[in-house]
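>>> Kindly return the folded structure for what I paste below:
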Amino acid sequence: MTLANPVPTIAPHSLLVFLLQLAFLLLFALVLGRLAERFRMPAVVGELCAGMLLGPSVLQHVLPGFSDWLLPQQPEQMHMLDATGQLGVLLLVGVTGAELNFALVRKRGVTAARVSIAGLVLPLGLGVATGFALSGILLPDGVDATVFAFFLGVAMCVTAIPVIAKTLLDMKLLHRDIGQLILSAGVVDDIVGWFLLSVVSAMATAGLTAGVMATAVLYPVGVVLFALLIGRPLVGAALSRAGRAEGATPTIMTVVVLVLFGAAATQAMELEAIFGAFVVGVLVGTSKDLDREKLEPLKTTALAFLAPLFFATAGLRMDLTGLRHPDVLAAALAVLAVAVLGKFAGAFLGARFSRLNRWEALALGAGMNCRGVVEVVVAMTGLRLGVLDTDAYTIIVLVAIVTSLMTPPVLRAAMTRAEELADAELTLKDAGSGTARGPHDSKRPGPSNSEVTP
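Numbering: from 1, shown residues only. Just a heads-up that it's a prediction; the model follows:
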């Protein structure tokens with residue numbers, strides 16, 4: 001006897017549209033991502049532009065009929081695409097957490113801490129102040145101005161480790177002292193950034209009261225303590241059992257299950273699913289029972305398929321036509337200026353307090369200024385929670401694009417001047433001591449043989 005009617009399956013037309021959405025987004029992401037890399041830009045820039053081309057910024061104006069067919073304004077249709085993108089970003093964040101190099105942070109110690117703290121506090125404060133100042137222009141209806149301001153502050157203070165690591169690798173700076181320092185400071189920024197995002201997300205979800213604010217701070221602390229005391233041995237036992245099996249499949253499935261359970265746990269606590277995925281990723285990456293070679297297929301899938309799809313989906317939500325309004329354009333320029341000034345100034349001051357020269361400090365500022373992946377995730381979270389409207393979301397993603405484009409040329413110029421300054425100082429010392437040097441002796445030491453995982 002049938003007690004209830006079965007849930008209807010997806011309609012054939014909806015499935016067709018969904019498959020074509022995936023195909024077009026991935027095709028454009030592939031082409032534009034490779035094109036961006038050819039021009040020595042981060043691939044994420046091209047992948048975001050893929051979504052912009054297919055979204056309301058371009059395709060809706062060029063081919064409105066086709067745009068309405070491919071991207072119908074029906075929640076159930078777009079929710080399938082959003083769900084796929086959310087799965088992609090959770091696994092991407094989990095893999096990112098697993099790749100963080102905490103030995104590098106310990107090695108760089110005090111200097112990394114100074115650069116990171118200054119590079120966090122200053123842009124966070126400037127971002128919050130800017131959020132209050134622009135609330136009359138960008139604040140969505142029904143959103144508390146304080147929540148919006150703090151959310152913008154978090155968006156201003158984050159740093160994108162994956163994009164920075166790829167940039168340093170391309171520039172052959174990954175193993176240099178300055179490259180390691182940028183990465184170690186960025187690791188600290190990443191951890192604090194995900195923590196702050198979960199706190200602000202909880203405030204946006206549950207309201208802004210003293211009790212909610214206390215809970216929003218204590219819950220993430222509780223999650224971290226639970227992960228360290230109970231989660232670490234559980235993750236280690238699961239990875240050890242999976243690692244004894246032949247092939248990579250058991251390890252990959254175990255990691256995916258752990259990441260999804262971690263994401264579900266923090267989502268149930270009204271924090272943010274991304275925070276749970278990140279914490280579990282860190283537990284996986286720091287476990288002595290992890291066979292990293294077996295995790296490579298998952299990393300490849302996340303970076304080559306799921307991440308580009310997520311970024312292209314994120315680009316779909318942008319609408320550059322809003323910048324036609326003078327007040328929105330002025331707000332965009334103000335947010336971009338605050339984002340760049342805050343990160344550069346914060347990292348620069350932290351570096352100078354650590355007695356680095358001005359060009360090395362500028363290189364650190366350039367590296368820490370790169371927002372890329374993390375900024376887009378923050379923006380998507382804000383849009384999903386209703387803290388950001390389309391204009392504010394577009395502005396924050398533009399900050400991610402512009403700062404990612406700025407990083408390579410500014411970092412390259414700063415490092416060139418830093419090496420010239422170091423060579424000049426070595427030459428003066430040699431002249432004072434009367435030591436003769438060959439044409440290559442004045443160069444700084446090249447890359448070390450030790451491997452650094454981005």
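
>>> now the strands: where do they sit in the stretch 151-300 of the chain?
For the stretch 151-300 of the chain, applying DSSP state E, counting those that start in this stretch gives no strands.

>>> now it, which segments are flagged as low pLDDT?
162-163, 166, 169-171, 174-175, 206-213 (pLDDT under 70).

>>> pLDDT (mean, whole number) over the longest helix seen in the chain?
The longest helix of the chain (DSSP state H) is helix 390-433. Here helix 390-433 scores 80 as its mean pLDDT.

>>> any idea how far that helix is from the chain center?
20 Å (Cα atoms, centre = their mean, to the nearest Å).

>>> Mind giving me the packing neighbours of it?
Packing partners of helix 390-433 (3 or more Cβ pairs under 8 Å, 6 or more residues apart in numbering; DSSP states H and E): helix 43-54, helix 135-138, helix 145-157, helix 161-170, helix 326-353, helix 358-368, helix 372-385. From N, CA and C alone the C-beta is placed, and that goes for glycine too.

>>> mean pLDDT lowest for which of those?
Among the helices and strands packed on helix 390-433, helix 161-170 carries the lowest mean pLDDT, at a mean of 69.

>>> Would you mind confirming that residue 42 makes contact with residue 376?
No. The criterion here is Cβ atoms under 8 Å, and residue 42 misses it with residue 376 at 11.4 Å.

>>> Could you work out which of the helices and strands packed on helix 390-433 reaches nearest to residue 268?
helix 372-385 (15.6 Å; Cβ to Cβ).

>>> Residue 252 - nearest residue in space that isn't next to it in sequence?
residue 298 (4.6 Å; Cβ to Cβ, 6 or more residues apart in numbering).

>>> what about the one you found, how many neighbours?
Look at residue 298: counted by other Cβ atoms under 10 Å, it has 21 neighbours.

>>> residue nearest the centroid of this structure?
Nearest to the centroid of the C-alpha atoms of the chain, with distances taken as Cα atoms, centre = their mean, sits residue 374, at 1.7 Å.

>>> Run a quick check on that one versus residue 190, I expect a contact.
Yes. Using Cβ under 8 Å, residue 374 is in contact with residue 190, at 6.8 Å.

>>> joint contacts of those two?
158, 159, 161 (Cβ atoms under 8 Å, 6 or more residues apart in numbering).

>>> Would you tell me which one of these comes nearest to residue 304?
Of all the shared contacts of residue 374 and residue 190, residue 161 has the smallest distance to residue 304: 18.1 Å, by Cβ to Cβ.

>>> can you count the residues close to residue 100?
When counting by other Cβ under 10 Å, one arrives at 24 neighbours for residue 100.

>>> Leaving out sequence neighbours, find the closest residue to it.
With Cβ to Cβ, 6+ apart, the residue lying closest to residue 100 is residue 187, at 5.2 Å.

>>> Please report the number of neighbouring residues for the one you found.
With other Cβ under 10 Å as criterion, residue 187 counts 22.

>>> cool, the one 4 residues further on as well?
When neighbours are counted by other Cβ under 10 Å, residue 191 registers 19.

>>> ditto for residue 351
Residues near residue 351, counting by other Cβ under 10 Å, number 28.

>>> any idea how far it is from residue 111?
Per Cβ to Cβ, to the nearest Å, residue 351 is found 8 Å from residue 111.

>>> Likewise for residue 159?
16 Å.

>>> With neighbour numbers in mind, choose between the two.
Using other Cβ under 10 Å as the criterion, residue 159 and residue 111 rank with residue 159 on top: 31 against 20.

>>> Leaving out sequence neighbours, find the closest residue to the more buried one.
residue 189 (4.0 Å).

>>> Ok, residue 152 next?
Computed as Cβ to Cβ, 6+ apart, the closest residue to residue 152 that is not its neighbour in sequence is residue 131, at 3.6 Å.

>>> Please apply the same query to residue 290.
Using Cβ to Cβ, 6+ apart, the closest residue to residue 290 is residue 239 (5.3 Å).

>>> and what of residue 397?
Using Cβ to Cβ, 6+ apart, the closest residue to residue 397 is residue 379 (5.2 Å).

>>> I'd assumed residue 393 was in contact with that neighbour.
Yes. Residue 379 is within contact range of residue 393, at 5.3 Å (criterion: Cβ under 8 Å).

>>> More neighbours: these two, which one.
residue 379 (27 against 23).

>>> got the contact list for the more buried one?
155, 314, 388, 393, 396, 397, 400.

>>> Can you give me the neighbour number for the nearest residue to residue 220 once chain neighbours are set aside?
Excluding the flanking residues, the one nearest residue 220 by Cβ to Cβ, 6+ apart is residue 198, at 5.0 Å. For residue 198, the count of nearby residues is 28 (other Cβ under 10 Å).

>>> gap between residue 198 and residue 159?
Following Cβ to Cβ, the distance that separates residue 198 from residue 159 is 17 Å.

>>> now swap in residue 365 and tell me
In terms of Cβ to Cβ, residue 365 sits 11 Å off from residue 159.

>>> who touches both of these two?
119, 343.

>>> re the thing from before, turn the shared contacts of residue 374 and residue 190 into JSON lines, including distance to residue 99.
Below are the shared contacts of residue 374 and residue 190 laid out as JSON lines (distance: Cβ to Cβ, whole Å):
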{"residue": "158", "distance to residue 99": "17"}
{"residue": "159", "distance to residue 99": "15"}
{"residue": "161", "distance to residue 99": "8"}
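
>>> Pretty sure residue 14 sits against residue 76.
Yes. Under the criterion of Cβ under 8 Å, residue 14 makes contact with residue 76 at 7.4 Å.

>>> Show me which of those two is the more surrounded one.
For residue 14 versus residue 76, the count of surrounding residues by other Cβ under 10 Å is larger for residue 14: 15 against 10.

>>> How about that one, nearest residue that isn't a chain neighbour?
Per Cβ to Cβ, 6+ apart, closest to residue 14 is residue 77, 5.9 Å.

>>> And for residue 399?
Closest residue to residue 399 apart from its sequence neighbours, by Cβ to Cβ, 6+ apart: residue 339 at 4.9 Å.

>>> Could you report the neighbour count for the one you found?
By other Cβ under 10 Å, the residues close to residue 339 number 29.

>>> so who does it touch?
With Cβ under 8 Å, 6+ apart, residue 339 has these contacts: 123, 127, 155, 156, 369, 371, 399, 403.
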